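Participant: coordinates for the following, if possible.
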Amino acid sequence: MNNSQQTARVGLFFLLGVALVWVTFETLSGGKVFQEKGYHIVAGFSTLKELKEGDEVRMAGVKIGEVGKTRLAGRRAEAVLNIQPKIHVKNDSTATIVMAGLIGTNYISIDLGSPNAADLPDGAEIRTRSTPDLNSIMADLGNLGEKLNGALGSLGQSLGGDAQHPGLIQKLDRLVTDNHDNITATVANLKQVSDKINQGQGTIGKLVNSTQVHDELLASISEIRGAAGQAKTFVANAQGIIDQVKTGKGVIGTLVFDQKAGDDLKASIANIRLVSDKMAKGEGTLGKFLTDDSMYRDAQAIMKKADRALDGLDDTGPITAVGVVAKGLF
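Facilitator: Numbering: from 1, shown residues only. Model (predicted):
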């Protein structure tokens, strides 16, 4: 092998090594050597939950940048987000830390925000919202398990009890044992009652076994329903009458709402009272007739004369009869 071939091979291996190093660097750096600079926004959280530099920043599931730096700022942790220059993050958008699967890395998710809102400038702070992570969920599940275990232990102790403090099951067993005779008698009474019902005895037995009683009960219910329907109709009619009265229709409505009709009615009642007062005092023809006995006696005398005149008409003609009546009366 001559020196030229050896030199060519060494140069080829060197170029391959440089290419491999370049590809590795581009892969690890995300190709940011050729990316535009973009801008930065700050997201503050109570905890970053294993978030680290280089983790993705996504909007609607699409990568728009990455976490450039993490830091502590007083009582909170901050993540400086490098956002691509063509992406506009609205000032009402909210950033949250999301876990990518059970074993995946965390990333920051930013919602779209309002379309008419202004864009966040470089160095601005974005609103954030904390969400539970896997560790907090597992811790809560552990606490829940402990509470459930304690509750089950307490329940088991309450049911089982011990020698000094009998549990619910022991109390029920003692209650059944002490009241065995009463329970037996109660069961026997219930059986006797059920036998009577099956035999059609008593009101319930007749209702269960007698078709006639059942039909009569249904008929009574139908009559009650009919009466209820009539009551509803009566109430509706009464309501209609009340509505007419309220609107001033009809005699009652006119008397209630028409001032002139009310005044006329009052005047008529006053006139009737005036006439009755005059009659009671003997004024006028009717008053004198009611209070003066002489007019009553004169009327009786005239009736007697008319009666005698009519008795004399039996044997006389029409013209003679008229003369007899006139003579008898006057």
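Participant: against residue 222, how distant is residue 215?
Facilitator: Here the criterion is C-beta to C-beta, to the nearest Å. By it, residue 215 lies 10 Å from residue 222. For the C-beta atoms, the positions are set from N, CA and C on the backbone; glycine is no exception.
Participant: can you list the weak-confidence ranges in the stretch 1-150 of the chain?
Facilitator: Along the stretch 1-150 of the chain, the parts satisfying pLDDT under 70 run over 1-5, 10, 25-36, 101-104, 133-139.
Participant: quick one, strands of it?
Facilitator: According to DSSP state E, counting those that start in this stretch, the stretch 1-150 of the chain carries its strands in the segments 39-45, 56-59, 62-73, 76-83, 94-99, 106-110, 125-128.
Participant: name the residues that touch the fifth one?
Facilitator: Under the criterion C-beta atoms under 8 Å, 6 or more residues apart in numbering, residues 43, 45, 48-49, 51, 58, 81, 106-111, 113, 126-131, 133-134 lie in contact with strand 94-99.
Participant: just to revisit the earlier point, need the strands of the stretch 1-150 of the chain in CSV (columns: distance to residue 189).
Facilitator: CSV is the format used below for the strands of the stretch 1-150 of the chain (distance: least, C-beta to C-beta, whole Å):
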stretch, distance to residue 189
strand 39-45, 72
strand 56-59, 75
strand 62-73, 78
strand 76-83, 75
strand 94-99, 67
strand 106-110, 71
strand 125-128, 72
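Participant: so which of the ones you listed is nearest residue 146?
Facilitator: Distance to residue 146, taken as C-beta to C-beta, is lowest for strand 94-99 among the strands of the stretch 1-150 of the chain, at 24.4 Å.
Participant: partner strands of that closest one and their direction?
Facilitator: Partners of strand 94-99 in the sheet, by DSSP bridges, are strand 106-110 (antiparallel), strand 125-128 (parallel).
Participant: how big is the angle separating it from strand 76-83?
Facilitator: Taking axes from the mean of the first three to the mean of the last three C-alpha atoms, to 10 degrees, one finds that strand 94-99 is oriented at 100 degrees with respect to strand 76-83.
Participant: and strand 94-99 with strand 39-45, angle?
Facilitator: Going by the same axes, to 10 degrees, strand 94-99 is angled at 70 degrees with respect to strand 39-45.
Participant: one step back: format the strands paired with strand 94-99 as CSV; extra columns: distance to residue 205.
Facilitator: Shown next, in CSV, are these (distance: least, C-beta to C-beta, whole Å):
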stretch, distance to residue 205
strand 106-110, 73
strand 125-128, 75
